[in-house]
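>>> Have a look at this prediction, sequence included:
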Protein chains: 2
Amino acid sequence: MAKLMTEMLKGTLEGIVLAILTEKPAYGYEITARLRDEGFTEIAEGTIYALLVRIEQKGLVDIEKRPSEKGPPRKVFTLNASGHTYLEEFWTAWTFLSGRLNHLRND
Amino acid sequence: MAKLMTEMLKGTLEGIVLAILTEKPAYGYEITARLRDEGFTEIAEGTIYALLVRIEQKGLVDIEKRPSEKGPPRKVFTLNASGHTYLEEFWTAWTFLSGRLNHLRND
DNA sequence: ACTAGTACATAGTAACGTTAAGTACCGAAT
DNA sequence: ATTCGGTACTTAACGTTACTATGTACTAGT
């Protein structure tokens, strides 16, 4: 099932991370931990950092560097206006897809 | 939203087509029509044919050629045992992902 | 002949998530 | 003093997916 989840996450993992950022700003390492709490136990750190680069390049987040007492400086991501719009569209698409799939399932 | 749907479909379109095949065997052109009926109006024919090649190579379907009165011979796809197993795992993964996302949404 | 509908095929592309390896900073244990 | 584990970020190479664009081919109607 791991392989299936991998492919299924394509296009949704981004929305998942953005959704996490709506709660409060967070940095990469924190986000990976948050994902594990949410049940996504098999997502590697590298996956998240690569994804964060992408959403940064798309201009969906603002970035601020803050020192850490326990390690290297943190890169804190905050969802900006563009990111909120994007997330809304993500939920719209998700609602549509979810509806279609549940309809297909009931046969 | 079109771009978002495109990315979101990755990993799920395959399951959608397999789900359609559980109802009854079907050929490519028929499946694209069925998808339009299901609300997926923006999926091109080429996309489906390429996908059908993949699920064939994965051994999830059996294939039979039948003549058509209205055009070239049809290639009818039937979900086999391996395909049914695969689809079950797909639904399992989907249920998990769906649950996680809905949980994230309620904040 | 021409068109429209039916039916399938495929090379090239962009985007995504994964893998694997690396850097760097800190505190505590050995 | 050094090793070890936890914290924190980076990136190149890779496999898979869906999309685009284009092509072939068969039939019936005009």
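Received, thanks. In this text the structure is predicted, and so the values were computed from the model without any measurement. Residues are numbered from 1 along each chain as shown, chains lettered A, B, ... in the order given.
>>> right, and residue A:52 touches residue A:17 too?
Yes. Contact criterion Cβ atoms under 8 Å: residue A:52 and residue A:17 qualify, at 7.5 Å. To be clear about C-beta, it is placed using only N, CA and C from the backbone, and glycine gets the same treatment.
>>> Between these two, tell me which one has more neighbours.
Between residue A:52 and residue A:17, counting by other Cβ atoms under 10 Å in any protein chain shown, residue A:17 is the more crowded of the two (27 against 20).
>>> Report the contact partners of residue A:19.
Counting by Cβ atoms under 8 Å, 6 or more residues apart in numbering or on different chains, residue A:19 touches A:87, B:101, B:104, B:105, B:107.
>>> Keep only those of those that are in helices.
Residues of the contacts of residue A:19 located in helices (DSSP state H): A:87, B:101, B:104, B:105.
>>> how many neighbours does the residue lying closest to residue A:56 once chain neighbours are set aside have?
In this structure, residue A:56 finds its nearest non-sequential neighbour in residue A:63, 6.4 Å apart by Cβ to Cβ, 6 or more residues apart in numbering or on different chains. Applying other Cβ under 10 Å, we find 13 residues neighbouring residue A:63.
>>> Quick check: residue A:63 touching residue A:73?
No. The pair residue A:63 / residue A:73 is not scored as a contact, 11.7 Å apart, by Cβ under 8 Å.
>>> Show me what the helix or strand harbouring the residue nearest to residue A:56 pairs with in its sheet, parallel or antiparallel.
Here residue A:63, judged by DSSP states H and E, is contained in strand A:61-66. Using DSSP bridges, strand A:61-66 pairs in its sheet with strand A:74-79 (antiparallel).
>>> In the partner strand, which residues are buried?
By neighbour count on 16 or more other Cβ atoms under 10 Å in any protein chain shown, the buried set for strand A:74-79 is A:74, A:75, A:76, A:77, A:79.
>>> Is it possible to get CSV of those residues that adds distance to residue A:38?
Formatted as CSV, the buried residues of strand A:74-79 follow (distance: Cβ to Cβ, whole Å):
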residue, distance to residue A:38
A:74, 20
A:75, 21
A:76, 19
A:77, 17
A:79, 17
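>>> out of the residues you listed, which one sits closest to residue B:91?
Comparing the buried residues of strand A:74-79 against residue B:91 with Cβ to Cβ places residue A:79 closest, at 31.7 Å.
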